[in-house]
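>>> here are the coordinates; sequence isn't available:
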């Protein structure tokens, strides 16, 4: 069995030309992966530009305090919405390829419909319970945040279904269908709705911004559902459906633990900062994180592109192909991430100034936060590799330990050092997580998953 073309190009002109042709074309796994990852990256970069633009507008239109409340509530929506699908959006990239490989078409049809129904039903129930929690805790919650939190609860079911549909689309290599509704359509709607409210003279506070965000999430999800159903109808023959809810959950729940602890690790800094510092400082820190988001998008693009292929090659028992594919994914995660980090740090001050002159004070925080992102990129999307190969539990444990470390460090450092402490805590925790995952993959799979060094 031939292995992927992961060898380095020669330094000769012919080698450089061959390398460029390989990057831009080709039908092997490496070329296809680069094109798909490139598509995802372009979508995420364009969406980041839209999100960045929308955050700049909101920060200027709303003022520091209201913007801080909006960031706080939206962070909760992102965190909870990404966890309330039981991990099915991620496990779809394992379940769907395995059903296709084994020819289990009834189970495949059942999963494509049943996964969305179960995530919608449960997320709706949980959202109602969360609204009750907000009501019960309202005496202790900032009065300006109560209504936005209720709107956030209303947003969650649509957010969860959109995530599930994203996983289904990516498992069929429909990257644009999976990502554009969430990252392009949604952001465009948020900009359009908030701009319309501003032009019409409405008070654009945290409540109005959350209403616009909720409407954008629901509209984008429904549109994505219509297109996805049509495309699945032309791709999969009609027939009986079988539902293996227990089996789906057995695969998904450990992955949910991985995703959940990673999300907690990602959002702990903002949530702890909100408890100990002013809303204005939260807004500055959030602007810094948004500015560095380009680095994370590279990791996300490779992870989204490679996960279902890890599962497919493993199901086929093709170890040489899998090993070469993993090495390729790591190389194409680390080096572009390093280049993006250098570029963003060089342009950091003018980028932060776009939010407003007061946001430039967060420039030095960027250097601290960037360390963790670069270190994490050095092992590529190995968490997806572990999940797809059945090592979800040990991966979840690694993320849990990193989350606990981040929480403890944030509580220790944020009250005294503010955003600098939050960034330091997160970078240290990401470095710790990277070392753990490297060691786990080395011991369990026998693979060297560092972008450099002896393989």
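Thanks, I have the structure now. Predicted model, so just to flag it, every value in this text is computed and none were measured.
>>> After the helix or strand hosting residue 337, which helix or strand is next? Please name it.
Residue 337 is part of helix 319-346, with elements assigned from DSSP states H and E. Counting by DSSP H and E, the element after helix 319-346 in chain order, helix or strand, is helix 348-353.
>>> Could you break the chain into its assigned domains?
Listed by the TED database, the domain ranges of the chain are 39-243, 263-454.
>>> So for residue 256, which of these sits nearest?
Residue 256 sits nearest to domain 39-243 of all the domains of the chain, at 3.1 Å, using CB to CB. Where you see a C-beta, it was placed from the backbone N, CA and C, and this is true even at glycine.
>>> hmm, back to that, can I get the domains of the chain in CSV including mean neighbour count?
Shown next, in CSV, are the domains of the chain (neighbours: other CB atoms under 10 Å):
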stretch, mean neighbour count
domain 39-243, 19
domain 263-454, 20
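>>> Of these, give the one that comes closest to residue 249.
Residue 249 sits nearest to domain 39-243 of all the domains of the chain, at 6.3 Å, using CB to CB.
>>> and that closest one, what's its mean pLDDT?
Domain 39-243 shows an average pLDDT of 88 in the prediction.
>>> What strand or helix carries the residue nearest in space to the middle of the chain?
Averaging the C-alpha coordinates of the chain gives a centre point, and the residue nearest to it by CA atoms, centre = their mean is residue 300 (6.1 Å). In the assignment (DSSP H and E), residue 300 maps to helix 293-316.
>>> now that helix against helix 319-346, angle please.
Helix 293-316 and helix 319-346 are oriented at 180 degrees to each other (axes from the mean of the first three to the mean of the last three CA atoms, to 10 degrees).
>>> helices or strands next to helix 293-316 in the packing?
On a contact count with 3 or more CB pairs under 8 Å, 6 or more residues apart in numbering; DSSP states H and E, helix 293-316 meets helix 29-62, helix 88-102, helix 143-171, helix 175-180, helix 319-346, helix 363-377, helix 382-388.
>>> hang on, the earlier thing: now the domains of the chain in a markdown table, with distance to residue 250?
Converted to a markdown table, those look like this (distance: least, CB to CB, whole Å):
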| stretch | distance to residue 250 |
| --- | --- |
| domain 39-243 | 10 |
| domain 263-454 | 10 |
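>>> Nearest to residue 254, out of the ones you listed?
domain 263-454 (3.3 Å).
>>> For that closest one, the averaged confidence score.
Domain 263-454 carries an average pLDDT of 86.
>>> So what's the gap between that domain and the chain middle?
Mean C-alpha position of domain 263-454 versus that of the full chain (CA atoms, centre = their mean, to the nearest Å) differs by 10 Å.
>>> start the count at 589, not 1, going forward
With 589 as the first residue, the last one maps to domain 851-1042.
>>> coming back round to it: so which of the domains of the chain comes closest to residue 839?
domain 627-831 (4.8 Å).
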